[in-house]
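*Asks:* take this sequence and fold it.
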Amino acid sequence: MCETTRIADITHVIFDLDGLLIDTERVYTVTTNNITRKYGKEFTWDLKTKCMGLPPIQSNTLVVTELNLPLSVDQFTQMMNEEFAEAVKDVDLMPGVMQLITHLHRHNIPMALATGSNTEQFATKTAKFDNLFKDNKYFSHRVLSDDLKVKKGKPFPDIFIEAMNRFNPVPKPDNCLVFEDAVNGITAAIAANMPCVWVPDARTDTSRLKASLVIQSLEDFKPEIFGLPPF
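*Replies:* As a prediction, the model looks like this:
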């Protein structure tokens with residue numbers, strides 16, 4: 001695709017969090033394997049792909065069930081929360097995040113977050129980055145997996161539709177651009193009829209889903225192909 005070809009006319013942007021804005025997916029993998037290996041099990045890439053973007057309870061249930069761990073979901077969740085809370089203290093932003101968000105903010109493009117993290121997890125993951133996530137400086141609102149209005153998590157479209165509906169005024173789906181890193185997230189964005197930019201892990205098979213654009217890093221994003229002000 002030619003870089004100058006306009007894909008859509010975007011007025012609003014919705015971001016995922018984990019693995020897209022914050023490098024938490026790497027930490028999640030290490031943390032999960034620290035637990036599963038105690039029982040002789042491996043948290044494989046194929047299983048991780050199924051988990052990415054899911055609400056925590058669904059993700060944890062999937063790991064316990066697929067690996068046949070001798071733990072209840074509640075026990076596994078408690079172990080994960082304890083290990084993750086310590087490991088996430090050293091997490092960094094993904095490349096290109098601040099450049100893109102401050103650019104859109106400077107040009108008055110409304111932005112929101114739509115993440116599979118619940119309220120407790122969101123607070124833990126973003127504590128290091130108050131300048132980015134606190135006080136709605138950049139994001140007008142956020143929709144989390146434990147929001148009562150989100151009946152089904154990704155790969156269902158509910159969370160993106162709810163994020164869109166909280167903009168004022170409410171835009172049309174084809175004017176909302178979703179940024180995602182996970183298969184479940186891209187599936188949800190497509191189901192919501194929203195253009196989407198996929199920034200996947202290099203191991204991801206991107207041929208099964210038709211995202212509007214696939215890039216290796218947010219540093220590669222060119223806003224003008226979505227009708228947004230160029231850098």
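
*Asks:* going by C-alpha atoms from here, please, whenever you check contacts or count neighbours.
*Replies:* Will do.

*Asks:* could you pull out the helices for the protein?
*Replies:* Counting by DSSP state H, the chain has helices at residues 24-36, 45-51, 56-66, 73-87, 97-106, 119-126, 130-133, 158-165, 183-191.

*Asks:* can you redo those helices as TSV with mean pLDDT, distance to H12 and mean neighbour count?
*Replies:* Putting those into TSV (pLDDT from 0 to 100; distance: least, C-alpha to C-alpha, whole Å; neighbours: other C-alpha atoms under 10 Å) gives the following:
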stretch	mean pLDDT	distance to H12	mean neighbour count
helix 24-36	92	25	18
helix 45-51	93	27	15
helix 56-66	94	27	17
helix 73-87	92	32	15
helix 97-106	98	10	16
helix 119-126	91	22	16
helix 130-133	90	18	14
helix 158-165	98	8	23
helix 183-191	96	14	24
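
*Asks:* quick one, which of these is nearest to F221?
*Replies:* Taking C-alpha to C-alpha as the criterion, F221 comes closest to helix 97-106 out of the helices of the chain, the separation being 8.3 Å.

*Asks:* who wins for proximity to D9 among the helices of the chain?
*Replies:* Distances from D9 to each of these were compared using C-alpha to C-alpha; the shortest belongs to helix 97-106, at 14.3 Å.

*Asks:* hmm, back to that, for V197, which of the helices of the chain is the nearest?
*Replies:* Checked against C-alpha to C-alpha, the stretch from the helices of the chain lying closest is helix 183-191, at 8.2 Å.

*Asks:* now do that closest one against helix 158-165: the angle between them, please.
*Replies:* Helix 183-191 and helix 158-165 meet at an angle of 50 degrees, taking axes from the mean of the first three to the mean of the last three C-alpha atoms, to 10 degrees as the criterion.

*Asks:* what's helix 183-191 packed up against?
*Replies:* For helix 183-191, the elements it packs on are helix 45-51, helix 158-165, strand 196-198, judged by 3 or more C-alpha pairs under 8 Å, 6 or more residues apart in numbering; DSSP states H and E.

*Asks:* mind saving the C-alpha coords of it as PDB?
*Replies:* Coordinates of the C-alpha atoms in helix 183-191 are reproduced here as PDB (Å, rounded to 0.1, in the frame of the first residue of the first chain):
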ATOM      1  CA  VAL A 183      -5.900 -10.700  17.700                       C
ATOM      2  CA  ASN A 184      -8.900 -10.500  20.100                       C
ATOM      3  CA  GLY A 185      -8.700  -6.700  20.000                       C
ATOM      4  CA  ILE A 186      -8.600  -6.500  16.200                       C
ATOM      5  CA  THR A 187     -11.500  -8.900  16.000                       C
ATOM      6  CA  ALA A 188     -13.500  -6.700  18.300                       C
ATOM      7  CA  ALA A 189     -12.600  -3.500  16.400                       C
ATOM      8  CA  ILE A 190     -13.600  -5.100  13.100                       C
ATOM      9  CA  ALA A 191     -16.900  -6.300  14.700                       C
END
